[in-house]
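1. I need the structure of the sequence given here:
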Amino acid sequence: MSEPNLDSSRIPTHIGLILDGNGRWAEQRALPRTAGHAAGEASLFATIESARELGVDWLSAFTFSTENWSRSKDEVEFLMFFNEDLLLRRRDELDAQGIRIFFAGDLDDPRIPERNRARMAETSAMTATNDGMCLVFAFNYGGRVEIAEAARRLALLVQQGELNPERIDPSTFAGQLYVPEMPDVDLVIRTSGEMRLSNFLLWQAAYAEFVFPEVLWPDFSREDLVAAIAEYQRRKRRFGTA
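-> Here you go, the predicted model:
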């Protein structure tokens, strides 16, 4: 579905989403923080559908960070259950749309319930041959951990004699990240007006454009997505050349 306010030839290839403001949305309504996460589901899947219709090739959503473990036990338990339940309820429709699903993060962390790991593995496998939009759930994700783990894997390859350290370059390094197929991020959208990257896709967002809409994530709409892409299209990307 085209959008008259956008140049269809300049749609960002990869959009990263920082889904911020769920807790504040709930607090403003005197609801528990978990109600905000539940409300944010509708916004997430409406955004996935809109991005697919607009021609976005890759969409990455920050769903649980390595820092989120410090939240209350009840909220963490809710998020673990909610993410598993979300996959069970939604993966068939995503699969039917031809969407390929990836998970980026430290999925071997023993704090993650085994059932969550099983659902993620099943979902990746069932959508692996799809050729539509690529959807990345950044789960138990931290950009610094991702970079450190990539460096560790390269060090092991050198130690084992499988890699000459002189051959390590940015492309070699990127091949050891959680989702090596992932292209660089063109546009990062963080809702709620907060202006931080918060350890999200640090390597991939090196030359990303940033948009910080004031809206809280559960209120984020197709119109907000279109406005963010329109702002992206008004900018001139120089990549350090001028």
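2. regarding the residue lying farthest from the centre of the chain, what is its secondary structure?
-> Distance from the C-alpha centroid of the chain peaks at Gly161, with 34.2 Å (C-alpha atoms, centre = their mean). Following DSSP: H, G, I helix; E, B strand; the rest coil, we place Gly161 in the coil state.
3. and the gap between it and Ala148?
-> 22 Å (C-beta to C-beta, to the nearest Å). Every residue, glycine included, has its C-beta placed from N, CA and C.
4. kindly report the same for Glu27.
-> 34 Å.
5. got the residue ranges for the helices in the chain?
-> 22-28, 33-54, 73-96, 114-126, 143-159, 170-174, 222-234 (DSSP state H).
6. which among those helices is found nearest to Leu187?
-> Ranking those by proximity to Leu187 (C-beta to C-beta) places helix 222-234 first, at 4.7 Å.
7. contact partners of the closest one?
-> Contacts of helix 222-234 with the rest of the structure, by C-beta atoms under 8 Å, 6 or more residues apart in numbering, involve 3, 5-7, 10-12, 15, 46-47, 50-51, 54, 186-187, 189, 191, 209, 211, 213, 215.
8. give me the mean pLDDT for that helix.
-> If you average the pLDDT over helix 222-234, you get 97.
9. quick one, that helix and helix 33-54 angle?
-> Angle, helix 222-234 to helix 33-54, by axes from the mean of the first three to the mean of the last three C-alpha atoms, to 10 degrees: 60 degrees.
10. can you give me how far helix 222-234 is from the chain middle?
-> 18 Å (C-alpha atoms, centre = their mean, to the nearest Å).
11. may I see the buried residues of it?
-> Judged by neighbour count (16 or more other C-beta atoms under 10 Å), helix 222-234 contains these buried residues: Arg222, Asp224, Leu225, Val226, Ala227, Ala228, Ile229, Tyr232, Gln233.
12. now restrict the contacts of helix 222-234 to buried residues only.
-> Among the contacts of helix 222-234, those classed as buried by 16+ other C-beta under 10 Å are 3, 6, 11-12, 15, 47, 50-51, 54, 186-187, 189, 191, 209, 211, 213, 215.
13. how about the contacts made by Ser171?
-> Taking C-beta under 8 Å, 6+ apart, one finds nothing in contact with Ser171.
14. how much space between it and Ile99?
-> Taking C-beta to C-beta as the measure, Ser171 falls 27 Å from Ile99.
15. got it, and Ala26?
-> 28 Å.
16. Gln204 now?
-> 19 Å.
17. where in this protein is the helix or strand with the lowest mean pLDDT?
-> Lowest by mean pLDDT, DSSP states H and E among the helices and strands of the chain is helix 73-96, with a mean of 89.
18. could you check the angle helix 114-126 makes with it?
-> Using the same axes, to 10 degrees: helix 73-96 against helix 114-126 is 20 degrees.
19. helix 73-96 packs against which elements?
-> Here helix 73-96 touches helix 33-54, strand 58-65, helix 114-126, strand 134-141, going by 3 or more C-beta pairs under 8 Å, 6 or more residues apart in numbering; DSSP states H and E.
20. relative to Gln176, which of the ones you listed is closest?
-> Gln176 lies closest to strand 134-141 among the helices and strands packed on helix 73-96, at 15.5 Å (C-beta to C-beta).
21. how much space is there between Glu122 and Phe81?
-> According to C-beta to C-beta, Glu122 stands 17 Å off from Phe81.
22. so where's this protein uncertain?
-> Within the chain, the ranges that satisfy pLDDT under 70 run 1-2, 242.
23. so what's Arg117 up against?
-> Here Arg117 is in contact with Leu107 (criterion: C-beta under 8 Å, 6+ apart).
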